[in-house]
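A.B. asks: Return atomic coordinates for the entry below.
(one chain, ligands or ions: 1)
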Amino acid sequence: MAEEPDPEAPRDSSEWLFSFGVIADIQYADLEDGYNFQRNRRRYYRHSLRHLQSAIEEWNKEGIVPCCVLQLGDVIDGYNAQCKTSEKSLELVMDAFQLLQVPVHHTWGNHEFYNFSRDYLTNSKLNTKFLEDRIIHHPETVPSENYYAYHFVPFPEFRFILLDAYDLSILGIDQSSPRYQQCLKILKEHNPNAELNSPQGLCEPQFVQFNGGFSQDQLNWLNDVLKFSDTNQEKVVIVSHIPIYPEASDSVCLAWNYREALEVIWSHKCVVCFLAGHTHDGGYSEDPSGVHHVDLEGVIETAPDSQAFGTVHVYSDKMVLKGRGRVPDRIMNYKKELL
Ligand SMILES: Nc1ncnc2c1ncn2[C@@H]1O[C@H](COP(=O)(O)OP(=O)(O)O)[C@@H](O)[C@H]1O
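C.D. replies: As a prediction, the model looks like this:
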């Protein structure tokens, strides 16, 4: 289990290596406050941009400036599509990110696909694949163009892998394409409801339209990258919009084939942390193999007088999440076999 950091504790003796920022579910729209589908959580559409701007100001001012920021998806809200403000809102959010002194890695969530097609996203500023690492002589670690995923090395012996959790999905793709038909078939096989966003009565409630999953092709690629990391004594952090570990997430918010993703991860020792967004409430659990699953609290459901972002300080023996506002602090020790 992660320990709560003790502010009174003496300064750590383990070696600090680098830090990175995390933020999730900004869902900006120039709209009055609203509510989620259940109408039990307030959504601060307009203020979410202010939250982002103040997170950027704080990261820029930190004594130890993070080496990069991970944006965990849903950067603008789906309402923008109805209001025909998708491009304008994206521009405002990207202008805010411009002020950040370090690179941002953008993950794609369901709200990206409510606003834009996959082709549009591929050609947009939300495609940060140019920041990827290429491992020479290992073509198996090069991702296919069929999904938006890549890996990068923010610090020697640490590999971060950004996954496409909507690789299997009916969102953002042409309804006449074979891929759409294949994904619709998977969804309907698991969800007989007329409203495919409804999990009502499902034994696997994650099979809803606002979720997605990982293709076998992407899982094979992930397996190959993890194999390389195991062999080269790297520690790996995985980033995805949708979470994959039930103990850390609402069961409705998991990736369609989360079990397959866990199976791949659990067959390697190198993974230390899986970071996701999507749930808005946040969640945390260390799985039996010692992988820390963090679902970050969403900016969109964060009151103006609070905050929702964090900085992860990476040490030789652990990662320490320093949360702001409703993101709690966490100490995440590495599994023994990695020390
Ligand atoms: N239980 C449900 N039944 C039917 N539709 C739902 C249900 N939950 C969510 N939806 C719909 O699914 C879409 C995504 O839900 P939303 O709560 O906005 O997701 P997010 O948390 O990603 O913003 C919305 O169009 C919403 O109306």
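A.B. asks: excluding its backbone neighbours, what's nearest whichever residue of the stretch 201-339 of the chain sits closest to the ligand?
C.D. replies: Residue of the stretch 201-339 of the chain nearest the ligand, by C-beta to the nearest ligand atom: residue 210 (4.1 Å). Yep, even glycine has a C-beta here, placed from its N, CA and C like the rest. Residue nearest to residue 210 in three dimensions, not counting chain neighbours: residue 110, with 4.8 Å by C-beta to C-beta, 6 or more residues apart in numbering.
A.B. asks: tell me, how many neighbours does that neighbour end up with?
C.D. replies: Residues near residue 110, counting by other C-beta atoms under 10 Å, number 23.
A.B. asks: contacting residues around it?
C.D. replies: Remark: with contacts taken as C-beta atoms under 8 Å, 6 or more residues apart in numbering, residue 110 is in contact with 73-74, 78, 166, 171, 210-212, 241, 278.
A.B. asks: In JSON lines, list those along with neighbour count.
C.D. replies: JSON lines is the format used below for the contacts of residue 110 (neighbours: other C-beta atoms under 10 Å):
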{"residue": "73", "neighbour count": "27"}
{"residue": "74", "neighbour count": "28"}
{"residue": "78", "neighbour count": "19"}
{"residue": "166", "neighbour count": "30"}
{"residue": "171", "neighbour count": "21"}
{"residue": "210", "neighbour count": "21"}
{"residue": "211", "neighbour count": "26"}
{"residue": "212", "neighbour count": "29"}
{"residue": "241", "neighbour count": "27"}
{"residue": "278", "neighbour count": "28"}
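A.B. asks: Quick check: residue 259 vs residue 288, distance?
C.D. replies: For residue 259, the distance to residue 288 equals 14 Å [C-beta to C-beta, to the nearest Å].
A.B. asks: more neighbours, those two?
C.D. replies: Neighbours were tallied for residue 259 and for residue 288 using other C-beta under 10 Å; the higher tally belongs to residue 259 (12 against 7).
A.B. asks: Against residue 264, how distant is residue 289?
C.D. replies: Applying C-beta to C-beta to residue 289 and residue 264 gives a distance of 12 Å.
A.B. asks: cool, and residue 229?
C.D. replies: 12 Å.
A.B. asks: any idea of the mean pLDDT in stretch 310-326?
C.D. replies: For stretch 310-326, the mean pLDDT works out to 98.
A.B. asks: How about that stretch, which residues are buried there?
C.D. replies: 310-315, 318-326 (16 or more other C-beta atoms under 10 Å).
A.B. asks: What of stretch 198-207?
C.D. replies: 199, 202, 205-207.
A.B. asks: so for it, what's the average pLDDT?
C.D. replies: 98.
A.B. asks: bridging residues for the residue nearest to residue 265 when sequence neighbours are not counted?
C.D. replies: Nearest residue to residue 265, sequence neighbours excluded (C-beta to C-beta, 6+ apart): residue 271, at 5.0 Å. Beta bridges link residue 271 to residue 236, judged by DSSP bridges.
A.B. asks: Count the neighbours of residue 271 for me.
C.D. replies: Residue 271 has 27 neighbours, counted by other C-beta under 10 Å.
A.B. asks: swap in residue 59?
C.D. replies: Using other C-beta under 10 Å, the number of residues around residue 59 comes to 22.
A.B. asks: mind listing what it touches?
C.D. replies: Contacts of residue 59 (C-beta under 8 Å, 6+ apart): 21, 65-66, 69, 100-102, 311.
A.B. asks: and with 10 Å instead?
C.D. replies: Listed by C-beta atoms under 10 Å, 6 or more residues apart in numbering, the contact set of residue 59 reads 19-21, 23, 65-66, 68-69, 99-102, 309, 311.
A.B. asks: hang on, it in a strand?
C.D. replies: No: using DSSP: H, G, I helix; E, B strand; the rest coil, the assignment for residue 59 is helix, not a strand.
A.B. asks: Tell me how far it lies from residue 66.
C.D. replies: Residue 59 is 6 Å from residue 66, by C-beta to C-beta.
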